[in-house]
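Engineer: What shape does this take:
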Amino acid sequence: MPPRSAVTVKPARRLRGRLRVPGDKSISHRYAMLAALAEGRSELTNYAPGADCRSTLACLRNLGVQIDDESSGPVTLMGRGLGRLRSPEGSLDAGNSGTTMRLLSGVLAGHPFSATLTGDESLSRRPMGRVIAPLELMGARLAATDGHAPLVVQGARLRGIDYRSPVASAQVKSAVLLAGLHAEGTTRVTEPAATRDHTERAIAAFGGRVDVAALTASVAGGQRLEGRSLTVPGDLSSAAFWLVAAAGLPGSRVEIVDVGLNPSRSALLDVLARFGANVDVIARDDRAPGAEPRGDVVVEHGRVGRLEIEPREVPGLIDELPALGALAAFGAEVVVRGAEELRLKESDRIAALVAGFRSLGLDADERPDGFVLSGGSARGPRGTPDARGDHRMAMAFAVAALAADRPSTIAGTDVVSVSYPGFFETLDRLVDGADGPGAR
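Structural biologist: Next up, the predicted model:
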């Protein structure tokens with residue numbers, strides 16, 4: 001199917017269905033990079049199908065990793081071993097993926113060659129200084145244009161450091177830990193607030209060890225990683241859009257099968273319950289080293305209330321905030337504070353959300369560190385919300401449009417291919433009350 005640059009979303013009375021969502025994007029990136037650094041063959045089932053994770057595979061291929069990613073089956077990678085990636089031919093194109101660029105810079109810092117990481121226009125506006133600083137402390141040399149891509153990484157013999165990150169960022173922490181695997185001694189990263197721990201779990205899943213104490217993660221250099229067969233759970237950040245819609249629309253019930261329930265990511269479920277939705281979680285027990293918690297989640301409409309997100313909650317909800325903002329379309333009041341990081345994503349998500357929701361007829365106020373969306377059903381579109389090249393904007397506007405009093409056209413929706421290529425087809429099925437793909 002050709003990309004759809006604009007989609008018209010019709011109002012819906014309810015959403016009902018049972019479905020699987022694509023593989024977790026954050027976990028897929030990390031599994032692929034660690035499989036490349038491991039020794040032997042790895043097989044990754046349910047690898048995320050979006051463009052971001054395909055960018056990671058393309059970069060790894062250019063670094064000499066043999067990869068088989070037939071669309072109908074698992075992604076297989078033949079690991080080259082720690083520090084044994086090959087000098088690339090030309091630049092490494094991360095596309096729209098900040099995770100690819102930042103984490104791969106940590107990997108490349110420990111290799112004895114120079115590599116240039118590039119990205120699209122959106123990625124080239126995102127700050128890279130936050131990973132440049134610690135990697136240079138470890139001994140690598142990095143060059144950027146005013147702190148932005150293209151990012152040139154000259155690898156070196158690295159030394160372990162004790163790094164106190166000024167920002168709560170799982171990408172910064174992960175870049176330093178991945179570099180630490182290549183360093184002499186032990187590398188420690190201390191964060192100002194807890195962030196997702198997928199990298200720590202992934203290193204353990206490939207046979208390595210990361211020690212975690214409070215807000216500090218430590219990794220010893222020179223560990224031997226081994227190829228593994230791993231299954232990526234469904235992406236809770238993608239599921240968030242369906243769960244929010246079910247929470248907002250009376251009569252709705254949506255069940256997500258085999259979705260990731262990592263405690264550093266599952267704050268969304270607590271927030272929806274606090275909002276007034278009925279949330280039921282059926283966890284699956286997996287005691288394998290580094291296993292990602294997973295299970296099934298059912299959300300039913302309960303009541304519509306007020307939702308306030310405090311600054312301390314933001315690191316655990318950073319990717320779900322656009323979806324949660326859409327609750328305002330169903331009559332809620334949504335207040336978010338302490339979320340300046342949203343301005344540094346694929347778009348300025350604070351400005352984009354406020355402008356898009358206003359176009360849908362909602363009352364929306366922009367604040368320096370967040371937004372206020374006044375409760376009250378969407379009065380119908382007064383314009384065309386624009387995703388501004390941001391996949392989460394497109395999906396958040398689509399969910400909000402379900403509550404409008406007439407159809408809404410959303411511009412720039414082809415960008416959902418970054419993380420959820422089948423999003424609008426799944427939306428049609430849930431509105432019709434049918435089960436989503438692969439749920440049976």
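Engineer: Could you point out which residue ranges in the stretch 251-400 of the chain have low pLDDT?
Structural biologist: Applying pLDDT under 70 to the stretch 251-400 of the chain flags the ranges 375-379.
Engineer: What ranges does the stretch 51-200 of the chain have for its strands?
Structural biologist: Ranges of strands in the stretch 51-200 of the chain, per DSSP state E, counting those that start in this stretch, are 66-68, 75-80, 92-93, 114-118, 141-145, 148-154, 162-164, 186-190.
Engineer: next one: the longest one to chain centre, how far?
Structural biologist: A distance of 22 Å separates the C-alpha centroid of strand 148-154 from that of its chain, computed with Cα atoms, centre = their mean, to the nearest Å.
Engineer: contacting residues around that strand?
Structural biologist: Counting contacts by Cβ atoms under 8 Å, 6 or more residues apart in numbering, the residues outside strand 148-154 that touch it are 91, 94, 101, 105, 108-109, 113-119, 123-128, 132, 135, 140-144. C-betas here are computed from N, CA, C, even on glycine.
Engineer: cool, the fifth one as well?
Structural biologist: Residues from elsewhere that reach strand 141-145 (Cβ under 8 Å, 6+ apart): 105, 109, 128-129, 132, 135-136, 150-154, 156.
Engineer: thinking again about what came up before, filter the contacts of strand 148-154 down to just the buried residues.
Structural biologist: Among the contacts of strand 148-154, those buried by neighbour count (16 or more other Cβ atoms under 10 Å) are 91, 94, 101, 105, 108-109, 115-119, 123-124, 126-128, 132, 135, 140, 142, 144.
Engineer: related to what we said a few turns ago, which among the strands of the stretch 51-200 of the chain is found nearest to residue 40?
Structural biologist: Of all these, strand 75-80 sits nearest to residue 40, with 5.8 Å by Cβ to Cβ.
Engineer: Pairing partners for the closest one, with directions?
Structural biologist: strand 39-45 (antiparallel), strand 66-68 (antiparallel) (DSSP bridges).
Engineer: in the shortest one, what counts as buried?
Structural biologist: This points to strand 66-68. Those would be residue 67, for strand 66-68 by 16+ other Cβ under 10 Å.
Engineer: gap between that strand and the chain center?
Structural biologist: 24 Å.
Engineer: Would you mind listing the outside residues contacting that strand?
Structural biologist: By Cβ under 8 Å, 6+ apart, the surrounding residues in contact with strand 66-68 are 57, 60, 61, 75, 76, 77, 78.
Engineer: which one among the residues you listed gets closest to residue 426?
Structural biologist: The closest of those to residue 426 turns out to be residue 75 (Cβ to Cβ; 22.1 Å).
Engineer: For residue 156, what are phi and psi?
Structural biologist: Here is the backbone geometry of residue 156 (degrees, to the nearest 10): phi -160, psi 180.
Engineer: What distance do you get for it to residue 235?
Structural biologist: 35 Å (Cβ to Cβ, to the nearest Å).
Engineer: Counting neighbours, go ahead and name the busier of these two.
Structural biologist: Set residue 156 next to residue 235 and count neighbours by other Cβ atoms under 10 Å: residue 235 wins out with 26 against 18.
Engineer: Could you check the pLDDT of that one?
Structural biologist: We have a pLDDT of 98 for residue 235.
Engineer: quick one, what contacts it?
Structural biologist: 21, 22, 23, 24, 25, 26, 48, 259, 260, 419, 420.
Engineer: One more pass at 10 Å, please.
Structural biologist: Applying Cβ atoms under 10 Å, 6 or more residues apart in numbering to residue 235 gives the contacts 21-28, 46, 48, 50, 256, 259-260, 265, 319, 419-420.
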